[in-house]
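Undergrad: With the sequence up front, the predicted model follows.
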Amino acid sequence: MTKTARQGPQPGTEETKPKLSPAARRFANATSTSTGAMLAKIILVAIVDATALFAVFTALGREAWAIAAVIAAITVLINVVYFKRGWLPAKYLLPGTIFLLIFQVFVIGYTGYIAFTNYGSGHNSDKDDAISALLQSNQNRVEGSAGYPVSILEGQDGLAMLIERDGQQLLGDADDPFVPVDPAGLGDYSELAFADLLGRQQEVTSLAVPFTENPADGTVRTSDGRTAYQYTSSIKHDEAADTMTDQQTGVVYRDTGVGAYTAQDGSQLMPGWSINVGFENFTRAVTDSSIRNALFSVTVWTFAFAFLSVATTFFLGLFLAIVFNDLRMKGRKVYRVISILPYAFPAFLGGLVWAGMLNRDFGFVNQVLLGGAQIPWLTDPWLAKFSVLWVNLWLGFPYMFLVCTGALQSIPNELSEAATIDGAKPFQIFRLIKLPLLLVSVAPLLISSFAFNFNNFNVIYMLTEGGPRMQDAGLNVGSTDILISMVYKVAFVGSQRDYGLASAFSIIIFVIVAIISIISFKQTKALEELN
């Protein structure tokens, strides 16, 4: 009987593959992971670089040299930090630092800059743009001017005008003046038919094409899409004297340094341009009686609203926390769930719902609860303030209830038991032991709640929109407006928007809140000694 010889491992089987040691296997896995991480990093940085490059070219196209330089510097810094070995803390800190600079530091700095300008309605551009706008907005047809045969064309950028002058075809649009063209090279344009001219009559008649690069030469317009005429401004600009002359009345307007061309009687040509006015916005806030009185009333109500909101929500929340923290209370869990339901409501939605419920004519409160009463909850100044405080109490007490519940449960029961043995009554235990210990935890939250309600825009604007309106105020403000809603109205509501004054108010609010917070936090240090 012959023994079968043991055959060696066959090529390609598992036994022929080299076995890696644990250290080599870890190295291979780490190499694969590092390669994938490097590829992901390259892709992400490439996206950032492409976006930054587009932003730089856009800024250069608008001659914003400083913005282009800042974007380029930040992009170079990103590439250096993420492609250089080491610098691990910088890799984590850089994104947050960049977002902090963009969304916090820049916003605050730009608001401060606007506060020292007259930026707003009629003063939102530079002087050259204001001159062009004045010349274009005061145009009349030149008497006796020849009519030009015209064709209205539509291209990728909108409507254009093709006219014939001295046997030459000229093409122009709202942004570019007329230039000679070859009719055979207008393949990118299509001429509007008569039916299209009728259907787009307003768009056609509002089309004004600059005659030349010089705004003083006026524009070319058409009223029927067949014949066009030259229009020139009734105001003549003297560049050497820097004046604007109304050729119909002969009144001369000069640049007197107020951001608009001004006549001797004080009348101005609008639009003007943005200039630096120093502390004028802050001075107006305290010297202009119509603004000063409104600012004073709004400031007093803002402090009252913030203080009463914190006080009412805190005491109601504390009361409910004490009641539902008592073990003898049946159904405590159900009551706690019901009590925190308003906290789940978004503030702006709660304001809108209560605005409907408090409506004088068809609101649920008047019609159902009060049997059809006509109580002006939102239109009477004092009732509107009461309504705002009531709605804010409904929205805010669950937060204080949760905070006070947690603070009360963190106080050791041994303190209450020892005080009871010493003969202290329940109210004395609460006033002398629990409340001081409670304030150690709650006082910083009360300060932050005060700062929040000081700028609680949602409840005010969604419930009353700041109304009812103060009739004797020089600003668009109402009886329930707080400072932040007044700033919003000054900046964004109405035909006359004054961003400079609104920015000045914003700085005033920031200073007030900062001072109150500093003083309050210093006072709360005395409570920490009780801990």
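TA: Perfect, I can see it now. Numbers count the residues shown, from 1 in each chain.
Undergrad: Does anything pack onto the longest helix along the chain? Which helices or strands?
TA: Criterion DSSP state H: the longest helix present in the chain is helix 22-61. For helix 22-61, the elements it packs on are helix 65-83, judged by 3 or more C-beta pairs under 8 Å, 6 or more residues apart in numbering; DSSP states H and E. Just so you know, the C-beta spots here come from the backbone N, C-alpha and C atoms, and that holds for glycine as well.
Undergrad: Sort out which residues of the helix it packs on are buried, please.
TA: Residues 68, 70, 71, 72, 74, 75, 78, 81, 82 are the ones in helix 65-83 that count as buried (16 or more other C-beta atoms under 10 Å).
Undergrad: returning to what we had before: run the chain-centre distance for the longest helix of the chain.
TA: 33 Å (C-alpha atoms, centre = their mean, to the nearest Å).
Undergrad: could you give me the average pLDDT of that helix?
TA: The average pLDDT for helix 22-61 rounds to 79.
Undergrad: Of the buried residues of helix 65-83, just say which sits nearest to residue 35.
TA: residue 82 (16.0 Å; C-beta to C-beta).
Undergrad: what's the angle from whichever strand or helix holds residue 112 to helix 65-83?
TA: Using DSSP states H and E, residue 112 sits within helix 106-114. Following axes from the mean of the first three to the mean of the last three C-alpha atoms, to 10 degrees, one obtains 160 degrees for the angle between helix 106-114 and helix 65-83.
Undergrad: by contact count, what packs against helix 106-114?
TA: So helix 106-114, by 3+ C-beta pairs under 8 Å, 6+ apart, packs with helix 499-528.
Undergrad: what number of residues lie near residue 337?
TA: 9 (other C-beta atoms under 10 Å).
Undergrad: Pull out the buried residues from whichever strand or helix holds it.
TA: Assigned by DSSP H and E, residue 337 belongs to helix 332-339. By neighbour count on 16+ other C-beta under 10 Å, the buried set for helix 332-339 is 336, 339.
Undergrad: Could I get the average pLDDT for it?
TA: Mean predicted lDDT for helix 332-339 stands at 88.
Undergrad: go on, stretch 497-504?
TA: Averaging the model's pLDDT scores along stretch 497-504 yields 94.
Undergrad: what's the answer for stretch 117-133, then?
TA: In this model, stretch 117-133 has a mean pLDDT of 91.
Undergrad: now swap in stretch 395-411 and tell me
TA: 92.
Undergrad: Please state the offset of it from the chain centre?
TA: Worked out by C-alpha atoms, centre = their mean, stretch 395-411 lies 32 Å from the chain centre.
Undergrad: could you check the angle helix 65-83 makes with the longest helix of the chain?
TA: Using the same axes, to 10 degrees, helix 22-61 lies at 170 degrees relative to helix 65-83.
Undergrad: Would you mind listing the buried residues in helix 22-61?
TA: So for helix 22-61, counting by 16+ other C-beta under 10 Å, buried means 45, 52, 55, 56, 59.
Undergrad: Would you mind confirming that the third one is in contact with residue 72?
TA: No - with contacts counted by C-beta atoms under 8 Å, residue 55 stays clear of residue 72, the gap being 9.2 Å.
Undergrad: quick revisit: tell me which helix or strand comes right after the helix holding residue 112.
TA: Taking DSSP H and E, what comes next after helix 106-114 is helix 127-137.
Undergrad: what's in contact with that following helix?
TA: 125, 208, 215-216, 219, 233, 235, 237, 244, 255, 260-261, 269, 271-273 (C-beta atoms under 8 Å, 6 or more residues apart in numbering).
Undergrad: 6 Å instead, please
TA: Contact partners of helix 127-137, identified using C-beta atoms under 6 Å, 6 or more residues apart in numbering, comprise 215, 233, 235, 237, 269, 271, 272, 273.
Undergrad: now do stretch 451-462
TA: 306, 309, 347, 348, 351, 352, 392, 480, 482, 484, 485, 513.
Undergrad: Show me which of those is closest to residue 155.
TA: Nearest member of the contacts of stretch 451-462 to residue 155, counting by C-beta to C-beta, is residue 348, at 44.3 Å.
Undergrad: For the closest one, give me its contacts.
TA: Neighbours of residue 348 in contact, by C-beta under 6 Å, 6+ apart: 458, 462.
Undergrad: all strands for the stretch 201-350 of the chain, in order.
TA: Remark: strands assigned in the stretch 201-350 of the chain by DSSP state E, counting those that start in this stretch are 209-210, 219-222, 227-233, 235-238, 243-246, 252-255, 261-262.
Undergrad: Where does the prediction get shaky in this protein?
TA: Residues of the chain meeting the criterion pLDDT under 70: 1-33, 524-531.
Undergrad: try 80 this time
TA: Counting by pLDDT under 80, the ranges of the chain that qualify are 1-37, 136-137, 143-145, 185, 215-216, 472-474, 495, 521-531.
Undergrad: What is the burial count for residue 133?
TA: 17.
Undergrad: List the contacts of stretch 64-84.
TA: 45, 52, 55, 56, 59, 60, 87, 90, 94.
Undergrad: please redo it, this time with the cut-off set to 10 Å
TA: 38, 41-42, 44-46, 48-49, 51-62, 87-88, 90-91, 93-95, 97-98, 101-102, 106 (C-beta atoms under 10 Å, 6 or more residues apart in numbering).
Undergrad: That concludes my questions; thank you for your assistance.
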